[in-house]
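Asker: Predicted coordinates and the sequence they were generated for:
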Amino acid sequence: MITKLDSVLLPPKKFIFHYKNVRWARGRHETYLCFVVKRRVGPDSLTFDFGHLRNRTGCHVEMLFLRYLGALCPGLLGCGVAGEKRLSYSITWFCSWSPCANCSIRLAQFLSQMPNLRLRIFVSRLYFCDIEDSQEQEGLRMLKKAGVQLTVMTYKDFFYCWQTFVARKQSRFKAWGELHQNSVRLTRKLHRILQPLEAEDLRDAFKLLGL
């Protein structure tokens, strides 16, 4: 783990506060990003690293992660030993908020130049996606077109993060009220955002059927 990253484990109260998938997330102005980086070093072998980041003044956490990418993924950018082939990496993010429009655009552009990098993003909440066809919604669609797998966090994802990224000691993860209901609601919303054409076609079909 490189030293400039935040400490590897999050305090339990901080994790619950920032990742709680409540409908009205008052006071949650920071974005936290827990990550797992896996590198293929042979036909069947993987090595990995993990940790977390939060946004800094003037820099969103997604862009902050890209600053450390060279250290986290040696050889990804072709900076390894002379003659060494680019290595393949798989990165998973667990974010308290989905990326803003600007970060989505920049990520999509970056990934288009990195065929040896696969990114999955799990989000606890959707950032400014309540307005139809907002820039944030379009940004998420751009990420999908760039090959990013976007998913809303469910109980098992929160449990995994609790086990992996939280200084929990012996304490168990306890689901907060409406965790499941909010996860289902946000999953449906994300599905509508990422598949707007299919949704429109379905509504037209219902009209034709008189439903």
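Answerer: Right, received. Where do you want to start? Owing to the predicted nature of the structure, the values given are computational and were not obtained by experimental measurement. Residues are numbered from 1 along each chain as shown.
Asker: hey, where'd the helices end up in the protein?
Answerer: Counting by DSSP state H, the chain has helices at residues 12-19, 61-67, 69-72, 101-111, 135-145, 155-165, 179-194, 196-208.
Asker: Next, the angle helix 155-165 makes with the first one.
Answerer: An angle of 140 degrees separates the directions of helix 12-19 and helix 155-165 when computed by axes from the mean of the first three to the mean of the last three Cα atoms, to 10 degrees.
Asker: which strands and helices sit next to helix 12-19?
Answerer: Packed against helix 12-19 by the contact rule (3 or more Cβ pairs under 8 Å, 6 or more residues apart in numbering; DSSP states H and E) you find strand 32-40, strand 88-97, helix 155-165. Glycine gets a C-beta too; all of them are placed from N, C-alpha and C.
Asker: Centre of the chain to it, how far?
Answerer: 16 Å (Cα atoms, centre = their mean, to the nearest Å).
Asker: picking up where we left off before, pipe the helices of the chain into JSON lines and attach distance to F122 per row.
Answerer: Shown next, in JSON lines, are the helices of the chain (distance: least, Cβ to Cβ, whole Å):
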{"stretch": "helix 12-19", "distance to F122": "10"}
{"stretch": "helix 61-67", "distance to F122": "14"}
{"stretch": "helix 69-72", "distance to F122": "18"}
{"stretch": "helix 101-111", "distance to F122": "15"}
{"stretch": "helix 135-145", "distance to F122": "13"}
{"stretch": "helix 155-165", "distance to F122": "5"}
{"stretch": "helix 179-194", "distance to F122": "11"}
{"stretch": "helix 196-208", "distance to F122": "21"}
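Asker: would a markdown table of the ones you listed with mean pLDDT and mean neighbour count be doable?
Answerer: Compiled in a markdown table, the helices of the chain are given as follows (pLDDT from 0 to 100; neighbours: other Cβ atoms under 10 Å):
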| stretch | mean pLDDT | mean neighbour count |
| --- | --- | --- |
| helix 12-19 | 96 | 18 |
| helix 61-67 | 95 | 18 |
| helix 69-72 | 89 | 16 |
| helix 101-111 | 95 | 18 |
| helix 135-145 | 93 | 19 |
| helix 155-165 | 97 | 16 |
| helix 179-194 | 95 | 16 |
| helix 196-208 | 52 | 10 |
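Asker: circling back: columns distance to K20 on top of the helices and strands packed on helix 12-19, output as JSON lines?
Answerer: As requested, the helices and strands packed on helix 12-19 are exported to JSON lines (distance: least, Cβ to Cβ, whole Å):
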{"stretch": "strand 32-40", "distance to K20": "11"}
{"stretch": "strand 88-97", "distance to K20": "9"}
{"stretch": "helix 155-165", "distance to K20": "9"}
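Asker: So for L72, which of those sits nearest?
Answerer: strand 32-40 (5.2 Å; Cβ to Cβ).
Asker: what helices or strands is the closest one leaning on?
Answerer: helix 12-19, strand 46-54, helix 61-67, strand 88-97, helix 155-165.
Asker: For S134, which of the ones you listed is the nearest?
Answerer: strand 88-97 (14.2 Å).
Asker: Need the residues that contact that closest one.
Answerer: 18-19, 28, 30-40, 46, 61-62, 65, 73, 76, 116-127, 153, 157, 160-161, 165 (Cβ atoms under 8 Å, 6 or more residues apart in numbering).
Asker: middle-most residue in the chain, spatially?
Answerer: I121 (2.8 Å; Cα atoms, centre = their mean).
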